[in-house]
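> here you go, sequence then predicted model.
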Amino acid sequence: MNVHEYQAKALLRKYGVPVPRGSKVGSAEEAEAVARELATPVVVVKSQIHAGGRGAGALVADSEEAARVFESHLAREGLPKHDKPGGVRLAKTPEQAGEFAASMLGNLLVTRQTGPSGREVRQVLIEEGCDIARELYLSMLLDRSTGRNLLMASTEGGMEIEKVAEESPEKIFRVSVDPAVGLRDFQARRLAFGLQIPAEKIGDAVKFFKALYHAYVDLDGSLLEINPLVQTGAGDLLALDAKISFDDNALFRHPEVRELRDENEEDPKERRAAEFDLSYIALDGNIGCMVNGAGLAMATMDIIHHHGGEPANFCDVGGGATTEKVAEAFKIILSDRNVQAVFINIFGGIMQCDVLAQGVVEASKQVGVTIPLVVRLEGTNVEQGKKIIAESGLDIITGLDMADGAKKAVEAARAAA
Ligand code: GDP
Ligand code: MN
């Protein structure tokens, strides 16, 4: 689960991490009032969406414009900069803070991370402006290969870390932390040295990194990124941006974090799938997949790729799925407007082919299927399953085996497109 920047900062503040003063608002009037109260020469108006790259992003009025700006300016590296206002703006007066907030609220912000559809800005964060001497980078995440927490720091803050990793990997410092021992002072100092923190501020930096690490572990984060971590003119460190992703499997321990969920930022299909306890992840392709078992789901995506297609989703209906659950999964897949063909690939072990077939037929009756449907069934009760589908009156393309089914689904999607 992800949260907004203002929420991440509020959490970090509780752990003693220095963050700028500010408040989240939902209207231009409030924005102006908060700016007046902060009473700093400059206030920063920041669009709150669950995506990065806001500073370099573009505010637009509608989805057509969003797609156009994305394709022509943001989709690839090295394209000319657009001429639209971005999602992070510096205001010199409270009135201007109000104007900037008004220009963001209710509009779409397109960034490299949002994709062509952009995201609607519903809230903005008004913060005191700060005097930035240097923009640094700091992140923590779980390194699955070592089973440790990995801290990464770089002097090249403010830009995308992937770019730094590609162009100047020597500018990224890594510290691997044993979770049983935690972040040691010498490790924090090593990071501070790497970031060229002046000698008299090393102690502060160590405190900063340890507070951040404590927050990350205590809240069961899976990723924590401060980009930029700034050093002010006075030499102080401040988290100017904050992104935290939480481990969904640990959310039950953190009701206060779970409450920060913003359903507007989530894919409605994924949300619905979660309600029915389905493993569903939306992807960018046009072939809807319904599969049982995570391994088979991965293999199905691979084989679709192999035949030149792109899966529209990952969907594992699981082992003991009921007719109702199968029907729901099928409806969610069909509700994706990008889906131009569906590939149902089932190997019935615990899952029974007739239950699956019943679910598909029921869902089809309820919502109607107008796109090609390729089905490959094998395993427990396969004959009953095939019979149910054959007698349903549905127009089905039969996949003789997994490869044949994938190939037919790719062909069908291509023909439909
Ligand atoms: P992102 O683009 O979504 O990652 O949003 P950030 O919060 O990182 O802001 C983007 C950029 O805005 C930062 O890298 C800074 O250069 C700039 N910025 C943000 N806050 C301030 C501020 O208080 N003062 C100044 N001068 N610049 C700021
Ligand atoms: Mn940032």
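Arrived safely. Numbers count the residues shown, from 1 in each chain. Ligands and ions are numbered 1, 2, ... in the order given.
> just the closest residue of the stretch 251-400 of the chain to ligand 2, please.
Of all residues in the stretch 251-400 of the chain, the one sitting closest to ligand 2 is E265 (16.7 Å; Cβ to the ion). Placement of C-beta: from N, CA and C, glycine included.
> and the stretch 151-300 of the chain, by the same measure?
D241 (3.5 Å).
> secondary structure class for that residue?
Three-state call for D241 (DSSP: H, G, I helix; E, B strand; the rest coil): coil.
> how about T40?
coil.
> go on, L191?
Note that with three-state DSSP, the state of L191 is helix.
> distance of the residue lying closest to it once chain neighbours are set aside relative to ligand 1?
Excluding its sequence neighbours, the residue lying closest to L191 (Cβ to Cβ, 6 or more residues apart in numbering) is A153, at 4.8 Å. Taking Cβ to the nearest ligand atom, to the nearest Å as the measure, A153 falls 16 Å from ligand 1.
> ok, now Q366?
41 Å.
> likewise E170?
E170 is 22 Å from ligand 1, by Cβ to the nearest ligand atom.
> just give me the neighbour total for that residue.
7 (other Cβ atoms under 10 Å).
> hang on, it is in a helix, isn't it?
Yes. Assessed with three-state DSSP, E170 lies in a helix.
> which residues touch it?
Residues near E170 by Cβ atoms under 8 Å, 6 or more residues apart in numbering: none.
> can you give me the buried ones in whatever helix or strand M290 lives in?
M290 is part of strand 287-291, with elements assigned from DSSP states H and E. Across strand 287-291, burial judged by 16 or more other Cβ atoms under 10 Å covers I287, G288, C289, M290, V291.
> possible to save the residues you listed as TSV with pLDDT?
TSV is the format used below for the buried residues of strand 287-291 (pLDDT from 0 to 100):
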residue	pLDDT
I287	97
G288	97
C289	96
M290	94
V291	93
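> distance to ligand 1 added to those residues, as a markdown table?
Output for the buried residues of strand 287-291, formatted as a markdown table (distance: Cβ to the nearest ligand atom, whole Å):
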| residue | distance to ligand 1 |
| --- | --- |
| I287 | 32 |
| G288 | 32 |
| C289 | 32 |
| M290 | 36 |
| V291 | 35 |
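> what ranges do the strands span in the stretch 51-200 of the chain?
Ranges of strands in the stretch 51-200 of the chain, per DSSP state E, counting those that start in this stretch, are 58-60, 88-91, 108-110, 119-120, 124-128, 132-143, 148-154, 172-177.
> also the stretch 251-400 of the chain?
Going by DSSP E, counting those that start in this stretch, the stretch 251-400 of the chain shows strands at 279-282, 287-291, 313-316, 341-348, 373-379, 396-398.
> need the contact partners of the fifth one.
With Cβ under 8 Å, 6+ apart as the contact definition, strand 373-379 has outside contacts at 341-349, 351, 353, 356-357, 360, 385-386, 389, 394-402, 404-405, 408-409, 412.
> neighbouring strands of that strand in the sheet, and parallel or not?
strand 341-348 (parallel), strand 396-398 (parallel) (DSSP bridges).
> quick one: closest of the ones you listed to Q7.
Among the strands paired with strand 373-379, strand 341-348 comes nearest to Q7, with 37.2 Å by Cβ to Cβ.
> V25 bridge partners, please.
V124.
> my guess is it contacts E37, does it?
No. Under the criterion of Cβ atoms under 8 Å, V25 is not in contact with E37, lying 11.1 Å apart.
> if you skip the residues just before and after it, what's nearest to I281?
Nearest one to I281, counting by Cβ to Cβ, 6+ apart, is F314 at 4.3 Å.
> could you pull up the residues touching that neighbour?
F314 neighbours (Cβ under 8 Å, 6+ apart): S279, Y280, I281, L283, C289, A297, M298, M301.
> I'd say the second one and K269 touch.
Read that as Y280. Yes. Using Cβ under 8 Å, Y280 is in contact with K269, at 6.6 Å.
> of the two, who's got more company?
Neighbours per residue (other Cβ under 10 Å) separate Y280 from K269, with Y280 holding more: 24 against 20.
> distance-wise, check E32 relative to ligand 2.
25 Å (Cβ to the ion, to the nearest Å).
> that residue sits in which helix or strand?
Using DSSP H and E, the element containing E32 is helix 28-38.
> buried residues in that helix, which are they?
A28, E30, A31, E32, A33, V34, A35, L38.
> taking strand 124-128 as reference, get the angle to it.
With axes from the mean of the first three to the mean of the last three Cα atoms, to 10 degrees as the basis, helix 28-38 and strand 124-128 are set at 20 degrees to each other.
> which strands and helices sit next to helix 28-38?
strand 22-25, strand 43-47, helix 94-104, strand 124-128 (3 or more Cβ pairs under 8 Å, 6 or more residues apart in numbering; DSSP states H and E).
> rerun that using 6 Å as the cut-off
Contact partners of helix 28-38 among helices and strands, from 3 or more Cβ pairs under 6 Å, 6 or more residues apart in numbering; DSSP states H and E: strand 22-25, helix 94-104, strand 124-128.
> the closest residue to E263 other than its chain neighbours and M1, how far apart?
Leaving aside its sequence neighbours, E263 sits nearest to R271 (Cβ to Cβ, 6+ apart; 6.3 Å). For R271, the distance to M1 equals 12 Å [Cβ to Cβ, to the nearest Å].
> over to V382?
Distance from V382 to M1, by Cβ to Cβ: 39 Å.
> what do you get for S245?
7 Å.
> tell me which of these two has more neighbours.
It is M1, of S245 and M1, that has more neighbours when counted by other Cβ under 10 Å, with 19 against 16.
> isn't that one right next to D247, touching?
No. Using Cβ atoms under 6 Å, M1 makes no contact with D247, being 8.4 Å away.
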